[in-house]
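Chemist: Below: sequence and its predicted model.
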Amino acid sequence: MRIAVLTALASVSLAACGQEAAPTNTVAASEANAAEATATVATPAAAPVTKEEALKVMHERHEGMEDIGKATKTIKRSLDSSAPDVAEIQKSAATIAALAAKSSTWFPQGTGPDVGKTGAKPEIWQTYPDFAAKDADFAKAAQAFDAAAKTGDLNQIKSAFGDLGKSCKACHDKYRSEMHH
């Protein structure tokens, strides 16, 4: 969807200038454009219009992070067992990868602790380029872990899981406060 929006925006912008947009027909070009657009985010999305909308985004963020946490615990428990369940790990890895792809939309301006209960520290919006870079690192680590899980090779899975954990820690250490549910 992000690709479609970016392509449409580029076409409209070029049309306004009297130029035609070059057709982009390859999946690789679309993925490269999406990766570039994600990597260059330097400011958070605009604030939701109403407090209710902000709370909805905050709830989606909380639920997404909870689901990532549950999937991570499932993976850890399986890897620590005497006979890891690769299918269970693969399912959880896919869940994390899918949610990680959405995480960059979970922190628009106006969804911090001043609006409602959240573990997100104000520093996210004060140093957004650093936060966005850490979130992009997490998304890449989640995709790499998902790819490793698909191989079924426990050595690759364990290595990629360690990298994923490091990406989570890098962000949580700086940008997450303790939440007591």
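Modeler: Happy to help now that I have it.

Chemist: Now do stretch 148-166: distance to the chain's middle.
Modeler: Its chain's C-alpha centre and that of stretch 148-166 lie 18 Å apart, by Cα atoms, centre = their mean, to the nearest Å.

Chemist: what is the mean pLDDT for it?
Modeler: In this model, stretch 148-166 carries a mean pLDDT of 98.

Chemist: got the contact list for that stretch?
Modeler: 72, 75-76, 79, 84, 86, 89-90, 92-94, 96, 138, 141-142, 144-145, 147 (Cβ atoms under 8 Å, 6 or more residues apart in numbering). Glycine gets a C-beta too; all of them are placed from N, C-alpha and C.

Chemist: Now go through those and say which are in strands.
Modeler: Among the contacts of stretch 148-166, no residue falls in strands (DSSP state E).

Chemist: from those, which would you call buried?
Modeler: 72, 75, 84, 86, 89-90, 92-94, 96, 138, 141-142, 144-145 (16 or more other Cβ atoms under 10 Å).

Chemist: Tell me the predicted confidence for residue 41.
Modeler: Here the pLDDT value assigned to residue 41 is 56.

Chemist: Repeat that for residue 45.
Modeler: 80.

Chemist: which residues touch it?
Modeler: Going by Cβ under 8 Å, 6+ apart, residue 45 touches 105, 107, 108, 109.

Chemist: Return the member of those nearest to residue 179.
Modeler: Of all the contacts of residue 45, residue 179 sits closest to residue 107, with 15.5 Å by Cβ to Cβ.

Chemist: does the closest one sit in a helix, a strand or a coil?
Modeler: Secondary structure state of residue 107, per DSSP: H, G, I helix; E, B strand; the rest coil, is coil.

Chemist: now residue 62: how far from residue 137?
Modeler: Applying Cβ to Cβ, to the nearest Å, the value for residue 62 to residue 137 is 21 Å.

Chemist: ugh, wrong one, residue 116
Modeler: 27 Å.

Chemist: And for residue 75?
Modeler: Distance from residue 75 to residue 137, by Cβ to Cβ: 19 Å.

Chemist: Residue 90 now?
Modeler: Distance, residue 90 to residue 137, by Cβ to Cβ: 22 Å.

Chemist: picking that back up, so which of residue 116 and residue 137 has more stuff around it?
Modeler: residue 137 (16 against 13; other Cβ atoms under 10 Å).

Chemist: Quick one: residues contacting the nearest residue in space to the more buried one that is not next to it in sequence.
Modeler: Ranked by Cβ to Cβ, 6 or more residues apart in numbering and with sequence neighbours excluded, the top spatial neighbour of residue 137 is residue 167, at 4.9 Å. Contacts for residue 167 (Cβ under 8 Å, 6+ apart) come out as 134, 137, 138, 140, 141, 142.

Chemist: pull the longest helix from the protein.
Modeler: Assignment by DSSP state H gives helix 51-80 as the longest helix of the chain.

Chemist: Having no further points to raise, I will conclude here.
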